[in-house]
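Enquirer: Okay, structure incoming, though there's no sequence with it:
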């Protein structure tokens, strides 16, 4: 993924991919540690104070302080979990943030998806422009992940 590529918005999903030069296990270790999410958050909404385990598993809950106009705290629950391949979580709005990893020659393809198809407030998200805003956040998150995994020490 280059800096000028866009995320695809299809139905009620927003998706983009990039390739990093690290094995899936290394990428998954970062994604599965909520205490490190601030390192790759491209939304600019994460404000720290993370609670939860150091390594997520299916059903785990983790919380963090956020700010979109006003500060708030959100609790997420891991709803998809396949070690070194897929992790996804959702909060009370039932939208899923998902990362899928695929080993490729020289690294890992990371696909990030915001899937709000199962959300009872999907129409409201659309009216508020969340899909377009999240497309930008996904691009920025993937750019940050590329930067992290191009540095010598992760």
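Expert: All right, it came through fine. Note that the coordinates shown come from a computational prediction; the quantities given were computed from them, not determined experimentally.
Enquirer: tell me the strands in the protein, going along the chain?
Expert: 8-10, 13-20, 61-68, 70-82, 86-90, 96-104, 107-115 (DSSP state E).
Enquirer: what's the neighbour count on the closest residue to residue 130 other than its chain neighbours?
Expert: Excluding its sequence neighbours, the residue lying closest to residue 130 (C-beta to C-beta, 6 or more residues apart in numbering) is residue 116, at 7.2 Å. Bear in mind the C-beta positions are built from the backbone N, C-alpha and C, glycine included. Here the number of neighbours of residue 116 (other C-beta atoms under 10 Å) works out to 25.
Enquirer: and what of residue 85?
Expert: Each residue near residue 85 was counted by other C-beta under 10 Å, and the total is 14.
Enquirer: Report the separation between it and residue 22.
Expert: Applying C-beta to C-beta, to the nearest Å, the value for residue 85 to residue 22 is 15 Å.
Enquirer: How about stretch 106-116, which residues are buried there?
Expert: 107, 108, 109, 110, 111, 112, 113, 114, 115, 116 (16 or more other C-beta atoms under 10 Å).
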